[in-house]
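Colleague: could you work out the structure for the sequence below:
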Amino acid sequence: MDDHSQVDVVYTDFEKAFDRVDHVILLRKLRHLGIHGDLLRWVESYLSNRSQAVVVGGYKSDFVQIPSGVPQGSHLGPLFYNVYLYDIYTCFLHSKFLMYADDTKIFLDIKTEANCHNLQADLNRLSIYYETNRIKVNVDKCQTISFSRKRAPIKFPYSLQNTIIDKTDLVRDLGVYFDSKLLMDQHIDIITDKAYKNLGFVIRACKPFKDIDSIKMVYNAYVRSILEYASCIWTPQYITYDHQIERIQKKFINHLNYKSRKYFDSYESSCDHFNMQTLNNRRIVSDMMFLHDVLRSRVDCPPLLREVGLAAPARRTRLTPLLHVPLCRTNYAQNTVLTRITRTYNKHFSELDLFDLSKPSFKNKVNSLSGAPPGSDVELQCYIEASPKAMNSWYREDALVSDKILENPKFRITEKALNAFSLWMNLTIRALAPGDYGTYVCASVNALGKMESQVSLHRLELSMNGFGAEEPMVSRRGVASELGPPRPGARPASSHLTHHLPPPLYALLVVVLRYFYTF
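Modeller: Now for the predicted structure:
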């Protein structure tokens, strides 16, 4: 799409795919793959002489023999099905294909009409393959779509088994609706309409409920799950669609406010009170967790891993990103899945180690590095050395008298040992107020000298402007600045997370200023 090209995709639909697996053909393919002797005879015994009956209303039909199909619900069923179709790749000499269970899609980059004929030739070979392996295709449910932003895309009447395949501008692929221009706006319209209907059902069904947590569980199951399914694929590119999605949860939050007889100045404050995150924040967390899973090989997809590369700048810069972000000429290219995720990581989460942190630890830290509305509790965190034994304290650098901060109803100070040589110093600021903005210093003094780290909290007015080619901004519940041990030769990093919301809402700008020792 970024190159203004065209990709034609053909979606095929099998009729009773798992029930159409021919036992004789399956055994022949197993023998071809090197399965012989007792193991092959065991598989033959496992599949043959099976019978079934139907019971309705206490009446049972006669047993009938099952000449084809694999046992569904078993561990071996999907394996045998994959073996049955393992050689389907021989049909595609020009195009590429993807399969998930019985869903198959064939696609090819179309530059001239000759490419269309090549794709049709692959479909002809696929038709022969289906007939040879006794697979029945429901051609009426097959679809073809051309992904392109050309004003005059190349049109071609593709056919399968001598039947013209229907052309469409919107296709449902594993629960996600893709339009021909990959704008994802129609998918957002569909899921928001469905979520609104389910939200009305939840509010009516939970009317007698008194426990807020129970209402939240029903909402999460019937509404939020719809709005978050495969969000990494369709995350809104423009803030208009972000507001369209967020409006649903705002309505639910208003319902919780009414049920609990509590009212707050902002939507973010209400979310914080009910221990809920905004949907935008949850999508960002989902993006980061997807990146973590790809790099840690929890997502078994080498082509995806190959697309995530480490940055190797030609010359040293003040802030070198960890991950490479390709240059993009269009807004569409900027919002592709891996480009968007790697750019967000480099800008906002680069201090989090993707390769060292476990999945739960990484998720907790992503949740904590965020903006917070006034009135919420904010936790600042810094890393210090614990050996030799040191005297640790926090103080305000910009205060008239820089006395150390003491434990009181406003501030809570804790320490957590990492190992025998280092620990985290935590400062919790309760009920964040305008007077709490400023620079905080965590100091550690021991026999080797003095170590100080600074964290600045700045109050920012938030813009109403949307984003296109600009960087999407972020706002999330809770905030923490984590100062890890300085890397050799590295300069201090900065993180600033904001969100487009109308004044007088604010966010926190968390800036790591410096690390230094004095002797």
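
Colleague: and the closest residue to Gln161 other than its chain neighbours, how close does it get to Val325?
Modeller: Of all residues beyond its chain neighbours, the one nearest Gln161 is Ser127 (4.7 Å), with distances taken as C-beta to C-beta, 6 or more residues apart in numbering. To be clear about C-beta, it is placed using only N, CA and C from the backbone, and glycine gets the same treatment. From Ser127 over to Val325 the distance is 43 Å, taken as C-beta to C-beta, to the nearest Å.

Colleague: and if you look at Glu415?
Modeller: Applying C-beta to C-beta to Glu415 and Val325 gives a distance of 37 Å.

Colleague: now swap in Ile188 and tell me
Modeller: 25 Å.

Colleague: picking up where we left off before, for burial, what's the neighbour tally of the residue nearest to Gln161?
Modeller: 18 (other C-beta atoms under 10 Å).

Colleague: next: Ser225.
Modeller: Around Ser225 there are 12 residues (other C-beta under 10 Å).

Colleague: quick one on the thing from earlier: which one's more surrounded, Glu415 and Val325?
Modeller: Val325 (19 against 11).

Colleague: which SS state does His292 fall under?
Modeller: Taking DSSP: H, G, I helix; E, B strand; the rest coil as the rule, one finds His292 in the helix state.

Colleague: mind listing what it touches?
Modeller: By C-beta atoms under 8 Å, 6 or more residues apart in numbering, the contact set of His292 is Arg298, Leu354, Leu357, Lys359, Phe362.

Colleague: next: Phe80.
Modeller: Val21, Leu26, Val43, Leu47, Val70.

Colleague: swap in 6 Å and give it another go.
Modeller: Phe80 is in contact with Val70, counting by C-beta atoms under 6 Å, 6 or more residues apart in numbering.

Colleague: again with the one 4 residues further on
Modeller: By C-beta under 6 Å, 6+ apart, the contact list for Tyr84 reads Val21, Leu26.

Colleague: against Cys142, how distant is it?
Modeller: In terms of C-beta to C-beta, Tyr84 sits 20 Å off from Cys142.

Colleague: pull the contacting residues for the closest residue to Asn446 other than its chain neighbours.
Modeller: What sits nearest to Asn446 in space, not counting adjacent residues and going by C-beta to C-beta, 6+ apart, is Ala390, at 3.7 Å. By C-beta under 6 Å, 6+ apart, the contact list for Ala390 reads Ser444, Val445, Asn446.

Colleague: tell me the secondary structure at the second one.
Modeller: Counting by three-state DSSP, the backbone at Val445 sits in strand.

Colleague: isn't it up against Asn392?
Modeller: No - contact between Val445 and Asn392 fails when scored by C-beta atoms under 6 Å: they sit 8.0 Å apart.

Colleague: more crowded one of the two?
Modeller: Using other C-beta under 10 Å as the criterion, Val445 and Asn392 rank with Asn392 on top: 18 against 14.

Colleague: buried set for the helix or strand harbouring the more buried one?
Modeller: Using DSSP states H and E, the element containing Asn392 is strand 391-396. Across strand 391-396, burial judged by 16 or more other C-beta atoms under 10 Å covers Asn392, Ser393, Trp394, Tyr395, Arg396.

Colleague: next structured bit after it?
Modeller: strand 411-417.

Colleague: of all the residues in that following strand, which ones are buried?
Modeller: Of the residues in strand 411-417, Ile413 count as buried by neighbour count, 16+ other C-beta under 10 Å.

Colleague: how far is it from where the chain is centred?
Modeller: Offset of strand 411-417 from its chain centre (C-alpha atoms, centre = their mean, to the nearest Å): 33 Å.

Colleague: hey, where'd the helices end up in the stretch 251-400 of the chain?
Modeller: 267-273, 279-295, 302-307, 331-334, 337-348, 359-368 (DSSP state H, counting those that start in this stretch).

Colleague: in the first one, what's buried?
Modeller: By that I understand helix 267-273. In helix 267-273, counting by 16+ other C-beta under 10 Å, buried: Tyr267, Glu268, Ser269, Ser270, Cys271, Asp272, His273.
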